[in-house]
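Enquirer: fold the following, please.
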Amino acid sequence: MLKRGSRREPVDHVFHALADPNRRVILERLSRGPASVSELARPLPMSLPAVVQHLQVLETSGLVSSEKIGRVRSCRIEPTALRPVEQWISARRSSWERRLDRLGDYLAESDDVRPGARRR
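Expert: The predicted structure follows:
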């Protein structure tokens, strides 16, 4: 587990932000357009200060940006923050698929070598 203040990669911040279901609810709402902090807090079973803390995590990750206009803080989603996560997943998917292909080839060869062998 990464501790506060430790050096994190951008992808770590995004995964950390996405790990909480309340933050995912906030992101889902923001995917429909900008919203004030009080609008974002309305459906959540927590205090306004708790929502503000969640928004700070989302802003640190780059997934959300906010702007204060007068007394109202308006938040919006920043989808480009997902690029490092998409690249990380894509790189791992390619590696996993190659490994599974090699495993499939190995299993096919072992069946050819041992005729009549039963698969489990």
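Enquirer: just the buried positions in the lengthiest helix in the chain, please.
Expert: Longest helix in the chain by number of residues, with DSSP state H as the criterion: helix 83-113. By neighbour count on 16 or more other Cβ atoms under 10 Å, the buried set for helix 83-113 is P84, V85, W88. Bear in mind the C-beta positions are built from the backbone N, C-alpha and C, glycine included.
Enquirer: just for the chain, where's the confidence low?
Expert: 1-6, 113-120 (pLDDT under 70).
Enquirer: the helices in it, which residues?
Expert: Using DSSP H, helices in the chain cover 10-18, 21-30, 37-41, 48-61, 83-113.
Enquirer: from the chain's centroid, how far away is the shortest one?
Expert: Meaning helix 37-41. Relative to the centre of its chain, helix 37-41 is centred 21 Å away, using Cα atoms, centre = their mean, to the nearest Å.
Enquirer: so which elements touch that helix?
Expert: Helix 37-41 is packed against helix 21-30, helix 48-61, strand 72-77, with contacts defined by 3 or more Cβ pairs under 8 Å, 6 or more residues apart in numbering; DSSP states H and E.
Enquirer: that older thread, want to throw the helices of the chain into JSON lines with distance to G70?
Expert: Shown next, in JSON lines, are the helices of the chain (distance: least, Cβ to Cβ, whole Å):
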{"stretch": "helix 10-18", "distance to G70": "27"}
{"stretch": "helix 21-30", "distance to G70": "20"}
{"stretch": "helix 37-41", "distance to G70": "13"}
{"stretch": "helix 48-61", "distance to G70": "17"}
{"stretch": "helix 83-113", "distance to G70": "33"}
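Enquirer: that'll do, ta.
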